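[1] can't give you the sequence, but here's the structure:
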């Protein structure tokens, strides 16, 4: 039975579980409070009844003592009048002799037959019953006279207790019903954003990644959850958009050399192999395109490895300034027409915990781009400085620059600002993506500032060891 009940509860929707849980909690708390309140009130009222009987008993004893009453004089009309004056409603005062025979009996809506006379040797107090009557009785012996009995019919007490129990029970049921309705209403309000989130997730399958959850600016946990979902969908949509763009760009980049290879090989297959000049030209072009394909493939593999797991090769403490100077000298040898200027400030003893090969690769990528896009003013400035406990390398060219709308995308794979011009210059569009990933793997930052037709400044910041 309990297993069946637990399984049934598990299958309930969350809103019904919340309502049921809240109702059960209110049920237990309210029932405990009502039960405790009922017991306290009942005991308090019973104590009041006992106190009233004890006071009446005290007055009777005091009267007997003051008047010196005996078995003969206690039956006087004056004594009976006094007993009636101190007796409450539904009470009886009875004095019996040592043999149990009544001497005086005074009642008020109380039948003497309900309580049998009893001689006692010491004070007694308790509850008894006669048919449906509930009686509270006090008995006290009085020397030379007999026993004094003061009794009260607890009919009013029982009626009040019963009424109180009914009122509490009805109030308890009403409160439980209200708590159930309130719990269900609150649960529905609570589940509304969750239901909206569930519907949005379900609609993603039909409508794609454009689905979003409407949010209320109330700052609660559900708002944060909905906001997190929307942010996640924004990131997923951007990621899929970039992936789609990457596939298109990669297909385009790979299709171009393959098309050239196909053209030259088809030419050789038809008739070009018989012409030495055409054969040499086609072989040279094919080798160039194969090398280009190999370069694109190697760079893609490198970038994929860097993104999937950081490749921190041959970590060593290197001096930044000599490495930059050596890399610039290599570029000067390759491009004697370009003027390179290196400025260093307070970096003589600065060491970095990086791979010298990977850092050199980053510098070569940045310097190579600076050379490629320096069309008129062929001057490149390299600055090294200490900045907020980090080492910063800035490469500034005075070339064609980058439009402001293209700056956020320059680190994307295969991204080209001007595809036609970039194809003439060369490159794969993967260099900056690789450079940034390497820098990030060493907890560094790479930023680009550029003004169109005025030049570009690339800043690489790495933590100092």
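    Ah, there it is. The structure displayed is predicted, hence computed values, not measured ones. Residues are numbered from 1 along each chain as shown.

[2] can you pull out the helices in the stretch 201-350 of the chain?
    Chain-ordered helices for the stretch 201-350 of the chain, with DSSP state H, counting those that start in this stretch as the definition, fall at 221-270, 276-308, 320-334.

[3] take the ones you listed and write them to TSV, including distance to residue 354 and mean neighbour count.
    C-beta: built from backbone N, CA, C; applies to glycine. Below are these laid out as TSV (distance: least, Cβ to Cβ, whole Å; neighbours: other Cβ atoms under 10 Å):
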stretch	distance to residue 354	mean neighbour count
helix 221-270	28	14
helix 276-308	14	14
helix 320-334	9	16
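
[4] can I get those in CSV including mean pLDDT and distance to residue 382?
    Putting the helices of the stretch 201-350 of the chain into CSV (pLDDT from 0 to 100; distance: least, Cβ to Cβ, whole Å) gives the following:
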stretch, mean pLDDT, distance to residue 382
helix 221-270, 76, 30
helix 276-308, 74, 24
helix 320-334, 89, 6
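
[5] okay, these in TSV with distance to residue 210 next?
    Shown next, in TSV, are the helices of the stretch 201-350 of the chain (distance: least, Cβ to Cβ, whole Å):
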stretch	distance to residue 210
helix 221-270	7
helix 276-308	26
helix 320-334	46
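
[6] which ones are touching residue 52?
    Residue 52 is in contact with 88, 152, counting by Cβ atoms under 8 Å, 6 or more residues apart in numbering.

[7] how far away is it from residue 154?
    Between residue 52 and residue 154 the distance is 11 Å, computed by Cβ to Cβ, to the nearest Å.

[8] same thing with residue 193?
    Counting by Cβ to Cβ, the gap from residue 193 to residue 154 is 58 Å.

[9] before we move on, what about residue 198?
    61 Å.

[10] which of the two has more neighbours?
    residue 154 (20 against 12; other Cβ atoms under 10 Å).

[11] pull the number of nearby residues for the nearest residue to the more buried one once chain neighbours are set aside.
    Using Cβ to Cβ, 6 or more residues apart in numbering and skipping residues adjacent in sequence, the residue nearest residue 154 is residue 134, 4.3 Å away. Residues contacting residue 134 under the criterion other Cβ under 10 Å number 15.

[12] wait, isn't residue 134 in contact with residue 156?
    No. The pair residue 134 and residue 156 does not pass the contact test of Cβ atoms under 8 Å, sitting 10.2 Å apart.

[13] quick one: residue 211 from residue 198, how far?
    Computed with Cβ to Cβ, the distance linking residue 211 and residue 198 is 12 Å.

[14] show me the domain layout of the chain.
    According to the TED database, the chain is divided into the following domains: 1-163, 208-308, 316-463.

[15] of those domains, which is nearest residue 173?
    Between residue 173 and the domains of the chain, the shortest separation by Cβ to Cβ is 9.7 Å, and it involves domain 1-163.

[16] and the strands in this protein?
    Here the chain has its strands, by DSSP state E, at 91-96, 102-108, 124-130, 133-142, 146-153, 316-319, 339-345, 351-354, 377-387, 390-398, 445-451, 455-463.

[17] any chance of those in a markdown table with distance to residue 203 and mean pLDDT as columns?
    As requested, these are arranged in a markdown table below (distance: least, Cβ to Cβ, whole Å; pLDDT from 0 to 100):
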| stretch | distance to residue 203 | mean pLDDT |
| --- | --- | --- |
| strand 91-96 | 79 | 94 |
| strand 102-108 | 81 | 92 |
| strand 124-130 | 72 | 90 |
| strand 133-142 | 69 | 92 |
| strand 146-153 | 74 | 94 |
| strand 316-319 | 53 | 82 |
| strand 339-345 | 57 | 89 |
| strand 351-354 | 47 | 85 |
| strand 377-387 | 48 | 90 |
| strand 390-398 | 46 | 92 |
| strand 445-451 | 38 | 92 |
| strand 455-463 | 43 | 93 |
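
[18] need these in CSV (columns: distance to residue 231).
    Compiled in CSV, the strands of the chain are given as follows (distance: least, Cβ to Cβ, whole Å):
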stretch, distance to residue 231
strand 91-96, 79
strand 102-108, 82
strand 124-130, 72
strand 133-142, 71
strand 146-153, 76
strand 316-319, 39
strand 339-345, 41
strand 351-354, 33
strand 377-387, 31
strand 390-398, 29
strand 445-451, 22
strand 455-463, 27
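
[19] closest one to residue 304 among the ones you listed?
    Taking Cβ to Cβ as the criterion, strand 445-451 is the member of these that comes nearest to residue 304, at 18.8 Å.

[20] name the helices or strands packed onto that closest one?
    Contact analysis of strand 445-451 by 3 or more Cβ pairs under 8 Å, 6 or more residues apart in numbering; DSSP states H and E lists helix 431-441, strand 455-463 as its packing neighbours.

[21] in it, what counts as buried?
    Residues of strand 445-451 classed as buried under the neighbour-count rule (16 or more other Cβ atoms under 10 Å) are 446, 448, 450.

[22] cool, and stretch 396-406?
    Going by neighbour count (16+ other Cβ under 10 Å), the buried part of stretch 396-406 is 396, 397, 398, 399, 400, 401, 402.

[23] out of those residues, which comes closest to residue 21?
    Distance ranking of the buried residues of stretch 396-406 against residue 21, using Cβ to Cβ, places residue 402 first at 59.4 Å.

[24] circling back to that earlier point, how about the helices and strands packed on strand 445-451, which one is nearest residue 345?
    Closest approach to residue 345 among those is made by strand 455-463 (14.3 Å; Cβ to Cβ).

[25] what packs against the closest one?
    For strand 455-463, the packing partners by 3+ Cβ pairs under 8 Å, 6+ apart are strand 351-354, helix 356-372, strand 390-398, strand 445-451.

[26] repeat that for 7 Å
    Counting contacts by 3 or more Cβ pairs under 7 Å, 6 or more residues apart in numbering; DSSP states H and E, strand 455-463 is packed against strand 390-398, strand 445-451.

[27] compute the inter-axis angle for the shortest one and helix 431-441.
    So the one you mean is strand 445-451. Here strand 445-451 runs at an angle of 140 degrees relative to helix 431-441 (axes from the mean of the first three to the mean of the last three Cα atoms, to 10 degrees).

[28] same question for the first one.
    Orientation check (the same axes, to 10 degrees): strand 390-398 against helix 431-441 gives 170 degrees.

[29] neighbouring strands - and their directions - for strand 390-398?
    The sheet places strand 390-398 alongside strand 377-387 (antiparallel), strand 455-463 (antiparallel), with pairing taken from DSSP bridges.

[30] hey, what's residue 319 bridged with?
    As for beta bridges, residue 319 partners with residue 351 under DSSP bridges.

[31] verify the stated contact: it with residue 351.
    Yes. Checked against Cβ atoms under 7 Å, the pair residue 319 and residue 351 is within contact range at 6.1 Å.

[32] how near is residue 75 to residue 146?
    Summarising the geometry, the distance separating residue 75 from residue 146, computed by Cβ to Cβ, is 12 Å.
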